[in-house]
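**Q** I would like the atomic coordinates for the input below:
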Amino acid sequence: MMNIPLYSLRQEAWCDLKNVFRSLGFVIPVLAFPCAFYLFFGVTMGDPTTSSYLLINYIIFGVIGPALFNFGVNVATERENGLLTLKQLSPMPASQYLLGKTFTAIVFSSLIFVLLSCLAVVLAGVNMAFQQWMLLYFLAVFSTIPFCMLGLCMGLSFSAKTAPALVNLVYLPISMLSGLWLPIALFPEVLQLLAWLLPSYHLSQLGLSILSLHQGFELSWHVIGVMAFTLPCAWLATKKYNSLQ
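**A** Residues are numbered from 1 along each chain as shown. Next up, the predicted model:
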């Protein structure tokens, strides 16, 4: 009996992953966009230091998309199609449904990390120690969690027709205002202060600290910033999920 939850979790994760990978219209853009941005800005227009800086930022940019879309859009679709209600009625714990989708987001984060890292090493001459690569990978995986929670809130709140537009409306501005495309120091002071409310800014600074390229604030403030965003989203998502029952 102890093996049943683990088995059902593996099945849920595998089924969700297969379902997402069948949608090439989702898979290709999610993997191609951060690579295309990095090729244009990080490879053709940058020295090794700039390329390293942009590598970290585009990894954070890349992992936001799968988390937001898999939860924000797919959960909204499954809720309207009745699949979410069916899962709620089944003996499977709600945590397994959420962990299955989180696993898919982590797989995409890992693929984006590998693709961008290969481009950085082969074409941009980026050179980091093994420990730095590992820290950056763990950060890429960790970065999926805040946006999984945000996407879940959106998927449980909006219709399947509305969710894609709203996810795009959040995805691009949150990336730009976090300094993932342009250094935050180039922004007006008001926008620099606004960035402190965004988890992507804090995640970027945590990543840049691996190469001592961050703004110099205490890293604990960035960890607090990520948690201050993630925990309320998780609480709201739990409340909305329970209200569906």
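
**Q** what's the offset of the lowest-mean-pLDDT helix or strand in the chain from the middle of its chain?
**A** Within the chain, no helix or strand scores below helix 83-89, which has a mean of 76 by mean pLDDT, DSSP states H and E. Centre-to-centre, helix 83-89 and its host chain are 25 Å apart (CA atoms, centre = their mean, to the nearest Å).

**Q** again, but for stretch 47-66
**A** Using CA atoms, centre = their mean, the offset of stretch 47-66 from its chain centre is 13 Å.

**Q** Ala185 in helix, strand or coil?
**A** Under DSSP: H, G, I helix; E, B strand; the rest coil, Ala185 falls in the helix class.

**Q** check contacts around it.
**A** Gln192, Gln215 (CB atoms under 8 Å, 6 or more residues apart in numbering). Quick note: C-beta positions are derived from backbone N, CA and C, even for glycine.

**Q** thinking again about what came up before, so after the least confident helix or strand of the chain, what's the next helix or strand?
**A** Per DSSP states H and E, helix 83-89 leads on to helix 94-124 as the next helix or strand towards the C-terminus.

**Q** Show me what that next one is packed against.
**A** helix 3-21, helix 24-37, helix 48-81, helix 83-89, helix 130-142, helix 144-157 (3 or more CB pairs under 8 Å, 6 or more residues apart in numbering; DSSP states H and E).

**Q** Pull out the buried positions in that helix.
**A** 96-98, 100-109, 111-113, 115-117, 119-120, 124 (16 or more other CB atoms under 10 Å).

**Q** One more: stretch 173-184?
**A** Under the neighbour-count criterion of 16+ other CB under 10 Å, stretch 173-184 has Ile174, Ser175, Leu177, Ser178, Gly179, Leu180, Ile184 buried.

**Q** The residue most central in space within the chain and Ala76: what is the separation?
**A** Central residue of the chain (CA atoms, centre = their mean): Ile64, 2.9 Å from the mean position. Computed with CB to CB, to the nearest Å, the distance linking Ile64 and Ala76 is 18 Å.

**Q** Check Leu17 too.
**A** 19 Å.

**Q** what does Leu203 give?
**A** 25 Å.

**Q** Thr49 now?
**A** Thr49 is 41 Å from Ala76, by CB to CB.

**Q** More neighbours: which of those two?
**A** For Thr49 versus Ala76, neighbours defined as other CB atoms under 10 Å are more numerous around Ala76 (25 against 11).

**Q** Help me confirm that that one comes into contact with Cys153.
**A** No: taking CB atoms under 8 Å as the definition, Ala76 is not a contact partner of Cys153, at 10.8 Å.

**Q** Tell me where the model's unsure across this protein.
**A** The chain contains residues with pLDDT under 70 at 1-4, 91, 245.
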